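> predicted structure and sequence below. I'll ask about it afterward.
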Amino acid sequence: MLVDGVSVGAPSSYTFTSVTANHTISVTYTVAMYTLSVGVSGAGSVTVVPDQAQYAYHTYVNLYAVPEVGNEFVSWTGDAVWNDSYLQFAVDSNMTVLATFRRVPLSYTRSSFAGSYTPLSTATGATRLISIADDSTKSIPLPFTFVYTGLPYTPSNFLAVNANGFGFLSRTNVRARSRPRPTTSASTGPRSRTTRWRPGTTT
């Protein structure tokens, strides 16, 4: 604010007292600027349009929630509440908005399969893949990249196979091998004990 050409700061009001001459007053206004903080809970991302560090008062902002594979959008919470993945609102203060995603439950139908088959064996030309003990597990590198139940797998991951027919996908090389049980022998004679002696010690 300028009064008679002199700045008096930015008061919300100004009072002239004992007016005996003409005076001038000049006021300059600026648009208020605010911030917008967008957070994510779960597996997904948010696109902000326009994406700026600050927004002028009453600027309209568009938010697009994009879930990752195997996930779904739940809701917007915070200073803006909505259930659709697309959200538009006007920024009128420093605002915080949170997008929440959740994993989609695996949906499948289990059914029996009836049909004939010919067992494979080395006698019919099959190549042996693994040889493991009764309670052992061996990991086989995956041959290609794929997505299973919303999770990506690459050739750096493994298919872990148990000798009992149980298999599972693994991020690491799982190796388990049966070990012989330790054997113990009974002795009726006296036990011996050896003590190491070092100079400067007393036993």
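Noted; the coordinates are in hand.

> surely residue 147 and residue 69 touch.
Yes - using CB atoms under 8 Å as the test, residue 147 is close enough to residue 69 to be in contact (5.9 Å). For the C-beta atoms, the positions are set from N, CA and C on the backbone; glycine is no exception.

> in this protein, which residue is most central in space?
Ranked by distance to the mean C-alpha position of the chain (CA atoms, centre = their mean), the top residue is residue 43 at 5.5 Å.

> roughly how far apart are that one and residue 151?
Distance of residue 43 to residue 151, given as CB to CB, to the nearest Å: 10 Å.

> mind listing what's buried in stretch 115-129?
Under the neighbour-count criterion of 16 or more other CB atoms under 10 Å, stretch 115-129 has nothing buried.

> and if you look at stretch 153-168?
In stretch 153-168, counting by 16+ other CB under 10 Å, buried: 153, 157-163.

> same question for stretch 25-45.
Those would be 36, 38, 43-44, for stretch 25-45 by 16+ other CB under 10 Å.

> hmm, who's touching it?
1-4, 14, 46, 48, 52-57, 61, 63, 65-68, 70-71, 73-74, 78, 91-103 (CB atoms under 8 Å, 6 or more residues apart in numbering).

> ok, now which ones touch residue 139?
Counted by CB under 8 Å, 6+ apart, residue 139 has contacts 158-161, 170, 172-175.

> skipping its backbone neighbours, what lies nearest residue 93 in space?
Closest residue in space to residue 93, ignoring its immediate chain neighbours: residue 34 at 5.7 Å, by CB to CB, 6 or more residues apart in numbering.

> model confidence for the one you found, exactly?
Note for residue 34: predicted pLDDT of 97.

> same question, residue 171
89.

> give the contact list for the nearest residue to it once chain neighbours are set aside.
Sequence neighbours aside, residue 157 is the residue nearest to residue 171 in space, at 5.5 Å (criterion: CB to CB, 6+ apart). Counting by CB under 8 Å, 6+ apart, residue 157 touches 141-142, 169-171.

> same thing but at 7 Å, please
Counting by CB atoms under 7 Å, 6 or more residues apart in numbering, residue 157 touches 142, 169-171.

> in strands only, show me those residues.
169-170 (DSSP state E).

> tally up the residues packed near residue 79, please.
16 (other CB atoms under 10 Å).

> okay, now the domains of this protein?
33-103, 129-170 (automatic domain parsing).

> return the list of strands paired to the helix or strand where residue 39 lies, each annotated with direction.
Using DSSP states H and E, residue 39 sits within strand 36-41. Sheet pairing for strand 36-41, assigned by DSSP bridges, gives strand 95-103 (parallel).
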